[in-house]
Structures are given as structure tokens and as C-alpha cells.
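Colleague: I would like the atomic coordinates for the input below:
(chains A and B)
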Amino acid sequence: SAVISQKPSRDICQRGTSLTIQCQVDSQVTMMFWYRQQPGQSLTLIATANQGSEATYESGFVIDKFPISRPNLTFSTLTVSNMSPEDSSIYLCSGKETWDNEQFFGPGTRLTVL
Amino acid sequence: EDQVTQSPEALRLQEGESSSLNCSYTVSGLRGLFWYRQDPGKGPEFLFTLYSAGEEKEKERLKATLTKKESFLHITAPKPEDSATYLCAVRSGGYQKVTFGTGTKLQVIP
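Modeller: Below is the predicted model of the structure:
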């Protein structure tokens, strides 16, 4: 399967600031997703990143807080806006090569908000 | 709403001591059950997909099985390098959303 890289791998940010996480896949994928994984908890889907259109957000997540871009079939960004300590988490990018394939994941971005 | 429950939360085994991890699920129309392995500080690594009751898949010391209500991940003669968190996930209906369980943290002691 394709390989996903994420930047940055980790960051420590101040309350009220924003951070943009980049996700790069080494080949074209049909679908891309963004997940959050809080310490000791499972993965929670934030949104599906749609190429050339607005992302599809899950309940509890809004575009103003988590704006997402996907300009092409290999790249996406997630911005965490106006951060608070509750946003401290690992953010994971995921992709699928075809509709029925399994998802594969990037290494994650560990975010700490002070 | 799809639900996935994994047990136990944590499991400590001696090297060579075989055991099983459980994943119970509730979905409306299973379109795939997935097992992943996650090492500390890394993203989940795909292991298996199961689609229908009775299906089994194997990879080295791991074997995944599926019934209509649950899946098991059997670990035969585990080694310390099998230590990781094992995640179960399901996809249902026509949706692409995958629901994950909270995982079983496995520790294999030499």
C-alpha cells in the first residue's frame, strides 16, 4: 500500500494559536481522512477530505475549528484553529487506494497545547 | 450507530504463551472488520480484513477469525516483538466511515 508522511511529527503550541498539519501520500488515493487519538483512547474520525471541495465533517467537529484542504489526490492539510489544551492529541492522516480497500495511516502528529 | 468493544483492555503474556483478543461489534450490515497493530508513537499498521462469518486469515503468529457478533485475534507462541496495541474496527452499510474500538494493549514478556 501507499506510504503516508506527516509534518510536523510533533509540536508544542500556545493557547489561541493555530497549527497546520500536512499529509503527503506517495501515490494517488481515492479517499483521505483525518483522525484524532487522545491518550488512552481510540481513533475518532474528524472528517473526510474531499478533493477540490469542502470536507465532510463528523458530528462534533466543525470547519471553523478544523479547516481541511485537499488540492489533489496525494496531499491534504488539517488546521487546528484557536487551540486550547483540550486539543492536545495525536492527529492521524489516513488514506484508501480504492473504495473497498482498507485504510492505511500516517505516523501521526503529536500536538501539545499549553 | 456502530459499536466496537475490545477485551481485555490489557494483556500480559509470557513469551510462548498463546492467547486470544476479542472484538465484539454491533453494526447494521457489516462491510468489513479490520485488525490493526499500533506501536507507541506510530500510526496503526493494517493486519487483516474479514468480510463474512466463518472467514479466517493468518499472518505469522496471528490468526483472525470472524463470527456474526465478534472477531478474535489469536496469537500463537507470541514473542516480545508482538507487544503492541491491537485495534479492531468495522465498516458498515454503504458508508466509508470506520468505527474503531479502544484496543487491547498486549505485552509479551521474555
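
Colleague: quick check, the residue in chain A closest to chain B?
Modeller: residue A:105 (3.5 Å; CB to the nearest CB). All C-beta spots, glycine's among them, are computed from the backbone N, C-alpha and C.

Colleague: where does that residue land on pLDDT?
Modeller: pLDDT for residue A:105: 96.

Colleague: identify the residue nearest it in space, chain neighbours excluded?
Modeller: When the adjacent residues along the chain are set aside, residue A:105 lies closest to residue B:43, with 3.5 Å between them (CB to CB, 6 or more residues apart in numbering or on different chains).

Colleague: the one you found in helix, strand or coil?
Modeller: Secondary structure assignment for residue B:43 (DSSP: H, G, I helix; E, B strand; the rest coil): coil.

Colleague: residues contacting it?
Modeller: Residue B:43 sits next to A:4, A:92, A:94, A:105-108 when contact means CB atoms under 8 Å, 6 or more residues apart in numbering or on different chains.

Colleague: pull up the residues of chain A that are close to chain B.
Modeller: Residues of chain A lying near chain B by CB under 8 Å from any CB of the partner chain: A:1, A:4, A:31, A:41-45, A:48, A:58, A:92, A:94, A:96, A:99-100, A:102-108, A:110.

Colleague: filter the residues you listed to the buried ones?
Modeller: Listed as buried from the residues of chain A next to chain B are A:4, A:31, A:42-45, A:48, A:92, A:94, A:96, A:102-108, A:110; burial here means 16 or more other CB atoms under 10 Å in any protein chain shown.

Colleague: Throw the contacts of residue B:43 into CSV and include secondary structure, thanks.
Modeller: What follows is these, written out as CSV (three-state DSSP):
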residue, secondary structure
A:4, strand
A:92, strand
A:94, strand
A:105, strand
A:106, coil
A:107, coil
A:108, coil
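
Colleague: thanks a lot, see you next time.
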